[in-house]
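Visitor: Fold the following.
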Amino acid sequence: MPVVIVSGTGTEIGKTVVTAALAAVALARGRTVAVLKPAQTGLGPDEAGDVAEVARLAGSVTAVELARFPDPLAPATAARRAGAAPVGPREIADAAEKLATEHDLVLVEGAGGLLVRFDETGATLADAARLLAAPVLMVAPAGLGTLNMTALTAEALRARSLTLEGVVIGSWPAVPDLAARCNLTDLPESAGAPLLGAVPQGAGALTPGEFRERAASWLAPRLDGRWDAGTFTRDAEAAGVSGAAEVVPG
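Guide: So this is what the prediction gives:
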């Protein structure tokens, strides 16, 4: 998979940390990695964005941001309010294709959910994924309400004939409640795709060295890690807390 789209079921659910974990395990295997953020919103020109955070946590990646808009809004709205040109799917696809000629893996991190508008035509990250014929990795929350968002995102992907690679939980709580524990079984059913990892809550606060050392334990072999969904789920169900998940200090 030279290009992978990392999309979420919403915002603030751990996409950037999951992207960093994917990059870290790929780098550990000797692969070259580029991370592309089509549109960064909600930050000023001198503030560190998502690609900078991925590079800080994961290591030596090529970090590319196509556009930045100051308001914390959907890219199309933020671009309009800034009086700036939006980023369209063709521009995203062209940038990803160029990076793919120079790197073993290109991770394209979206903004918010899959169908957030990028330009005035209503184009979305899904349109860029279709141009690239790239699989989508969905990042989802652990708790109550995630099943509906996951099912809707998966349905939108299927309607566009896009491949859903699997689901990664973006922030697995140190003490998961009943809904989170049950969702380990229910999320793959709602998505129609496998559960491919669970990144512990607070993982982004680890030192870069600790993050890189632990990243493979959060992702399944399909993503170059060693996380096992069956073991993780059984431990969570049996203990009421996840013995397989790491407790990361806040």
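
Visitor: Can you report phi and psi for the closest residue to residue 169 other than its chain neighbours?
Guide: Nearest residue to residue 169, sequence neighbours excluded (Cβ to Cβ, 6 or more residues apart in numbering): residue 198, at 4.1 Å. Using the backbone N, CA and C atoms, a C-beta is placed for each residue, glycine as well. Backbone torsions for residue 198, taken as degrees, to the nearest 10, come to phi -150, psi 110.

Visitor: can you give me the helices for the chain?
Guide: Assigned by DSSP state H, the chain shows helices spanning 15-28, 50-58, 75-82, 89-100, 125-132, 146-159, 178-191, 208-214, 229-239.

Visitor: Output the contacting helices and strands for the third one.
Guide: Read that as helix 75-82. Applying 3 or more Cβ pairs under 8 Å, 6 or more residues apart in numbering; DSSP states H and E, we find helix 75-82 packed against strand 68-69.

Visitor: Could you list every helix and strand that the strand it packs on packs against?
Guide: strand 40-41, helix 75-82.

Visitor: partner strands of the first one, parallel or antiparallel?
Guide: Think strand 40-41. strand 68-69 (parallel) (DSSP bridges).

Visitor: hmm, who's touching the partner strand?
Guide: The contact list for strand 68-69, computed with Cβ atoms under 8 Å, 6 or more residues apart in numbering, reads 39-43, 45, 49, 75, 78-79, 81-82, 84.

Visitor: how about the helices of the chain, which one is nearest residue 110?
Guide: Among these, the nearest to residue 110 by Cβ to Cβ is helix 125-132 (4.2 Å).

Visitor: list the buried ones in that closest one?
Guide: By 16 or more other Cβ atoms under 10 Å, the buried positions in helix 125-132 come out as 125, 126, 127, 128, 129, 130, 132.

Visitor: The second one is in contact with residue 161, isn't it?
Guide: Think residue 126. No. Applying Cβ atoms under 8 Å, one finds residue 126 not in contact with residue 161, separated by 10.3 Å.

Visitor: Quickly note the distance from residue 193 to residue 138.
Guide: 7 Å (Cβ to Cβ, to the nearest Å).

Visitor: residues touching the closest residue to residue 91 other than its chain neighbours, list them.
Guide: Residue nearest to residue 91 in three dimensions, not counting chain neighbours: residue 66, with 6.5 Å by Cβ to Cβ, 6+ apart. Residues near residue 66 by Cβ under 8 Å, 6+ apart: 36, 37, 38, 39, 87, 91, 92, 95.

Visitor: and those residues, which two are the farthest apart?
Guide: Once Cβ to Cβ is applied, the contacts of residue 66 give 37 and 91 as the farthest pair, at 12.6 Å.

Visitor: Can you tell me which helix or strand of this structure has the lowest average pLDDT?
Guide: In the chain, no helix or strand scores lower on mean pLDDT, DSSP states H and E than helix 229-239, which sits at a mean of 86.

Visitor: And residue 210, what's its pLDDT?
Guide: Looking at residue 210, its pLDDT is 98.

Visitor: scratch that, residue 247 is what I was asking about
Guide: Listed pLDDT for residue 247 reads 44.

Visitor: just residue 32 next, same as before
Guide: Note for residue 32: predicted pLDDT of 98.

Visitor: Please tell me how far it sits from residue 175.
Guide: Distance from residue 32 to residue 175, by Cβ to Cβ: 38 Å.

Visitor: which one of these two has more residues nearby?
Guide: Neighbour comparison, residue 32 and residue 175: the larger count goes to residue 32, with 15 against 11 (by other Cβ atoms under 10 Å).

Visitor: In the chain, where is pLDDT below threshold?
Guide: The model of the chain has pLDDT under 70 over residues 1, 239, 241-250.

Visitor: mind running it again at 80?
Guide: Across the chain, the ranges flagged by pLDDT under 80 are 1, 238-250.
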